[in-house]
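J.: Sequence and predicted model, in that order:
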Amino acid sequence: MVKKAAILGFGTVGQGIYDAIQTHDDELQSILGEPIEIVAILVKNEDKGRAVNEGTIITTSFQDIVSIPELEIVFEAIVDCEPAFTYIQALMKKGCHIITANKKLVAHYGSELMVAAEKYGVKLRYDATVAGAVPIIGALQTLLRTNRMNSFQGILNGTSNFILTEMRTKGLSFDDALLQAQTLGYAEADPASDIEGIDAWNKLVILIRTITGNEPSTGNIHREGITSISQAFISLAEKIGLRFKHLAYFNQAPLQYWVKPVLIDASHPFYQVDGVNNSIHLDCSLAGELSFTGPGAGKLPTASALLEDLVGIYQGINAYNGQKTVKLLLNESISAEEKNWVIFCKENQVAQLPNQLHQLQTYCEAREVVLLVKGSEIDIQLLQNFLKVNVFEYIKIQKAKYVELTNVSFLHK
Ligand SMILES: NC(=O)C1=CN([C@@H]2O[C@H](COP(=O)(O)OP(=O)(O)OC[C@H]3O[C@@H](n4cnc5c(N)ncnc54)[C@H](OP(=O)(O)O)[C@@H]3O)[C@@H](O)[C@H]2O)C=CC1
Ligand SMILES: N[C@@H](CC=O)C(=O)O
């Protein structure tokens, strides 16, 4: 007997799962007791050559996939919400378990898909949607179920981290580094999604849902990518011991979540997280601070997440979808709390900076000035309203935040 599987999409990820199943068939068979056979692959363009075994059907017709008898598993690795959402629902109805890498789909329709999986008695797994090979969704769903988490920080986009690293360590231009990320299979089909923070935002939504069981509001979010970061900013920051990282942040009390580039120093656990690596740092009620780091994109790292999901389904490992402890109300007001900021400006602009910003450190090179200041978000917004300067938050890990949370009753259901 074999377990019949199909793949939707045969780009970086689709080819990765196909290859991984061929190269790891011994391991799979010894765990599952039966071989996995990819019987068919759905693609969009029928003219492209495909390196697959004889007997594997390549088709552009979804009907060919949905009519395969005894099809048990479908790996979904196409782009965008549609037609993926429609296809997955039809396949669930047919009785197939679904393992998806499609972040956009799970961010937008994850809850609907979970309901459909329940309705049709099939499993839905999506570990590959967040942080590539890093088994963060699996860990949250199966190994960290009683721990409460007040907050987390994450580097969730491999392409952005790769670009920032290449610019810093090799002096590459933004465009050349992006081109390399595309060649290596890290970037999305539309790379704007990577560099404008949309992909990281989708992953943040999936993580928040997985941790809290609730849908974060997507109105009025702060989502920013890395396009404002120049080579000059990167080298000036390095001179004062700071590095740019594209960060996703979540905090339950007070509620805040955003995706934006920030500066960190050597004391931050993400300082050395370079290249395509992603990292998630959790603040857990029992375990304390936990960090998960590893390749966040690419053919085989993503295939690794998909294959481990497959094994999880057949081993009957129960994936738990959220603790449902906290209602997520979006706090739309900006914070009056004082934070650290780094301002990049010209020498002649320094005198115009408002007095409310307390200057902590200044570095000047060839009329370019970097100022480390303390002030509220309101102060920074006011500054940016009248002075054309680039400002980034300088962020640190907040220690043991969870301990303070025991009496936050208004947020609990
Ligand atoms: N690249 C990565 O590192 C990661 C990607 N992902 C996600 O995995 C998914 C796939 O990514 P990736 O492999 O990089 O993308 P690619 O662009 O490399 O491949 C996309 C594949 O999907 C096929 N496809 C697109 N639209 C359709 C459609 N309507 N019907 C049938 N087939 C379709 C394409 O067909 P054709 O070959 O004919 O053009 C292609 O084979 C995306 O959702 C992405 O966000 C998740 C984790 C990591
Ligand atoms: N484009 C994504 C791929 C993985 O999710 C990224 O760069 O992180």
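T.: Yep, that arrived. A quick note: this is a predicted structure, and the numbers were derived from the prediction, not measured. Residues are numbered from 1 along each chain as shown. Ligands and ions are numbered 1, 2, ... in the order given.

J.: in the stretch 201-350 of the chain, what residue is nearest ligand 1?
T.: Nearest to ligand 1, among the residues of the stretch 201-350 of the chain, is residue 297, at 3.4 Å (CB to the nearest ligand atom). C-betas here are computed from N, CA, C, even on glycine.

J.: can you pull out the helices in the stretch 301-413 of the chain?
T.: For the stretch 301-413 of the chain, the helices defined by DSSP state H, counting those that start in this stretch occupy 377-386.

J.: which stretches of it have low pLDDT?
T.: Along the stretch 301-413 of the chain, the model assigns pLDDT under 70 to residues 320-334, 398-413.

J.: Can you classify residue 245 as helix, strand or coil?
T.: Per DSSP: H, G, I helix; E, B strand; the rest coil, the secondary structure class of residue 245 is strand.

J.: and it, how far is that from residue 260?
T.: Relative to residue 260, residue 245 is positioned 10 Å away (CB to CB, to the nearest Å).

J.: Give me the more crowded residue out of those two.
T.: Between residue 245 and residue 260, counted using other CB atoms under 10 Å, residue 245 has the larger neighbour count: 24 against 19.

J.: what's near enough to touch the more buried one?
T.: Under the criterion of CB atoms under 8 Å, 6 or more residues apart in numbering, the neighbours of residue 245 are 155, 161, 164, 261, 262, 263, 264, 268, 270, 273.

J.: In this structure the residue of the stretch 201-350 of the chain closest to ligand 1 contacts residue 158, no?
T.: Yes. Here residue 297 reaches residue 158: they are 3.3 Å apart, a contact under CB atoms under 8 Å.

J.: Show me which residues of the protein sit near ligand 2.
T.: 132, 157, 158, 159, 186, 187, 188, 194, 199, 296, 297 (CB under 6 Å from any ligand atom).

J.: From residue 106, how far off is the fifth one?
T.: Counting by CB to CB, the gap from residue 186 to residue 106 is 19 Å.

J.: Apart from its chain neighbours, what residue comes closest to the closest residue to ligand 1 within the chain?
T.: Closest to ligand 1 within the chain is residue 11: 1.8 Å, counting by CB to the nearest ligand atom. Distances taken as CB to CB, 6 or more residues apart in numbering put residue 77 closest to residue 11, at 6.9 Å, once the chain neighbours are dropped.

J.: quick one: residue 210 and residue 141 touch, right?
T.: Yes. At 6.6 Å, residue 210 counts as touching residue 141 under the criterion of CB under 8 Å.

J.: which non-adjacent residue is nearest residue 237?
T.: In space, residue 237 is closest to residue 263, 5.8 Å off (CB to CB, 6+ apart).

J.: quick one: contacts for the one you found?
T.: Applying CB under 8 Å, 6+ apart, the residues contacting residue 263 are 237, 242, 243, 244, 245, 342, 392, 393, 394, 395.

J.: Now distance to residue 127 too, for those residues, in TSV please.
T.: Output for the contacts of residue 263, formatted as TSV (distance: CB to CB, whole Å):
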residue	distance to residue 127
237	33
242	32
243	28
244	28
245	23
342	35
392	31
393	30
394	32
395	27
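
J.: Let me know the closest of those residues to residue 228.
T.: Nearest to residue 228 among the contacts of residue 263 is residue 392, at 8.6 Å by CB to CB.
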